[in-house]
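1. Need coordinates for the following:
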Amino acid sequence: SGARSLVSWLNPPTAVALSYEGGNYISRTSADGGLTWGVFYSSATSYFPGPFLSSTLNASQLHAANGYVYISSNEGDVSRSSDLSTWQATNLTGVLQGVAFGNGVWLLAIDGTHYRSTDGVTFSVAYANSHEQVYGRANNACWSDELSKFFIWVNGPKTVASSADAAVWDVHSDAGSPFWQSSGLTAIVPISGGVVVFGSTYSAGDGGQSTNLYNAAENAFYDIRYNFDPAMVGIDAFSIAPFG
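-> Predicted coordinates:
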């Protein structure tokens, strides 16, 4: 409830939720996958103990992976915590836009660049100038257990890139320019036969929606689009490429 509420997995089935209610910044936790919740912290100045996240805008800069929450503090420092009380500073600053963990590697999206780390604290550039800086809830750093790869969206060209180690990247030019490109991937949902759905963040209220299917066997993307303006997709309803 409340404006700009945000829910994130700390370490399934444990979840954390943030909301702004009645002049207070409130964080809640759930140990049963989100069925029941208890207030973790509530104050007029911060969602958590310490100088972290004292605005609803900053709440979108919270992302979690592998049992750790990463946030951009009020001063822009990026820190992490496994218990929401004790925070450990990283060597990064900026607007946090995504966190992922896989193959013993951390991947963070911050201020238009992706960074990698093997300890989750000290990071180096993994993909420079990879994306636009967006204040949003999209998570532009996703890991697929089924495919053992990281996936990110990038600007040059506007497409999707994947990597097993967040160091060497495969740029998938056939992903085209998805409608949700400026917001991020949001989520990866495995279905069958090595096909993965990338969650869409392009709002219906903006006139259209888009999602991408990735076929691991073909190492190829298939774009499914809908838009109120047929000129944007070429036909009246759905345009599925490269099926035609």
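2. Kindly state the beta-bridge partners for residue 68.
-> Beta-bridge partners of residue 68, counted by DSSP bridges, are residue 65.
3. Distance check, it against residue 126.
-> For residue 68, the distance to residue 126 (Cβ to Cβ, to the nearest Å) stands at 18 Å. The C-beta positions use only the backbone N, C-alpha and C, and glycine is treated the same way.
4. Neighbour count for the two, which is higher?
-> residue 126 (25 against 18; other Cβ atoms under 10 Å).
5. Check what pLDDT that one gets.
-> As predicted, residue 126 sits at a pLDDT of 95.
6. Confirm it sits in a strand?
-> Yes: under DSSP: H, G, I helix; E, B strand; the rest coil, residue 126 falls within a strand.
7. Am I right that it is in contact with residue 161?
-> No: the criterion here is Cβ atoms under 8 Å, and residue 126 misses it with residue 161 at 10.2 Å.
8. What sits closest to residue 155 if chain neighbours are left out?
-> In space, and not counting its chain neighbours, residue 155 is closest to residue 131: 5.5 Å by Cβ to Cβ, 6 or more residues apart in numbering.
9. Test my guess that that neighbour contacts residue 112.
-> Yes: shown here, residue 131 and residue 112 form a contact pair, counting by Cβ under 8 Å, at 5.6 Å.
10. With neighbour numbers in mind, choose between the two.
-> A count of neighbours by other Cβ under 10 Å puts residue 131 above the other of residue 131 and residue 112, at 26 against 17.
11. Where does that one sit, in terms of helix or strand?
-> Counting by DSSP states H and E, no helix or strand carries residue 131.
12. Low-confidence ranges, the protein, go.
-> 1-5, 51-52, 54-58, 133-138, 156-158, 173-187, 190, 192-193, 198-212, 223-244 (pLDDT under 70).
13. mind redoing it with 80?
-> For the chain, residues meeting the criterion pLDDT under 80 lie at 1-8, 11-12, 50-61, 74, 131-139, 146, 153, 155-160, 172-244.
14. which residues sit in contact with residue 141?
-> When contacts are counted by Cβ atoms under 8 Å, 6 or more residues apart in numbering, residue 141 touches 63, 97-100, 107-109, 114, 150, 152.
15. Now intersect the residues you listed with the strands, please.
-> 63, 97-100, 107-109, 114, 150, 152 (DSSP state E).
16. so residue 82 makes contact with residue 70?
-> No: applying Cβ under 8 Å as the test, residue 82 and residue 70 come out as separate, 10.8 Å apart.
17. Those two: which is more packed in?
-> Higher neighbour count among residue 82 and residue 70: residue 70, with 23 against 15, using other Cβ under 10 Å.
18. Next, work out how far apart the more buried one and residue 81 are.
-> In this view, residue 70 and residue 81 are 8 Å apart by Cβ to Cβ.
19. repeat for residue 95
-> Where residue 81 is concerned, residue 95 sits at a distance of 18 Å (Cβ to Cβ).
20. ditto for residue 8
-> For residue 8, the distance to residue 81 (Cβ to Cβ) stands at 12 Å.
21. quick one: which of those two has more around it?
-> Taking other Cβ under 10 Å, residue 8 and residue 81 do not tie; residue 81 has more neighbours (20 against 17).
22. Alright, that wraps it up for me.
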